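> No letters, just coordinates:
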């Protein structure tokens, strides 16, 4: 009776090694490409988007707090920080905010005088708006 070899042939092992080498090479190219994209501005857009989302979240949370408690929630934008009621959010120092200062309150009905914040970083710009009548927060 003849015994079958369990070891793969050298030819099959060589093909497997070539496949692994190719996958490692592709992974290195992808890694270098992603670092290049981040280094050339992809990170600026992502940071700006994350900051706009956080500002919108803080404003929405302030509106909800005004509706739930039945008390006006003061909003103050000054010195690189957005304060909504008891919540203070420090805005990323690398992001320019227009207007630089603002102060008003969200009423217990959710209405406010409105706000339009323009956030800018490098060549990218995003606007966060707080609707004066409905209190809806949008990112454009």
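Yes, it's here. Please read these numbers as outputs of a predicted model, since none were measured by experiment.

> drop to CA atoms for contacts and neighbour counts, all remaining ones
OK.

> Would you map the strands across the chain?
Along the chain, the stretches classed as strands by DSSP state E are 73-78, 81-84, 87-90, 96-98, 102-106, 115-121, 124-130, 137-139.

> can you put those in CSV and add mean neighbour count, distance to residue 48 and mean pLDDT?
Converted to CSV, those look like this (neighbours: other C-alpha atoms under 10 Å; distance: least, C-alpha to C-alpha, whole Å; pLDDT from 0 to 100):
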stretch, mean neighbour count, distance to residue 48, mean pLDDT
strand 73-78, 20, 18, 94
strand 81-84, 20, 15, 94
strand 87-90, 14, 14, 94
strand 96-98, 18, 10, 94
strand 102-106, 18, 20, 93
strand 115-121, 19, 7, 94
strand 124-130, 18, 7, 94
strand 137-139, 17, 11, 94
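
> Need those in JSON lines (columns: distance to residue 21).
Shown next, in JSON lines, are those (distance: least, C-alpha to C-alpha, whole Å):
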{"stretch": "strand 73-78", "distance to residue 21": "54"}
{"stretch": "strand 81-84", "distance to residue 21": "50"}
{"stretch": "strand 87-90", "distance to residue 21": "46"}
{"stretch": "strand 96-98", "distance to residue 21": "46"}
{"stretch": "strand 102-106", "distance to residue 21": "58"}
{"stretch": "strand 115-121", "distance to residue 21": "40"}
{"stretch": "strand 124-130", "distance to residue 21": "39"}
{"stretch": "strand 137-139", "distance to residue 21": "45"}
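
> in this protein, which ranges drop under the pLDDT threshold?
Scanning the chain with the threshold set as pLDDT under 70 gives 1-17, 36-42.

> Of all residues in it, which one is nearest the centre?
residue 50 (1.8 Å; C-alpha atoms, centre = their mean).
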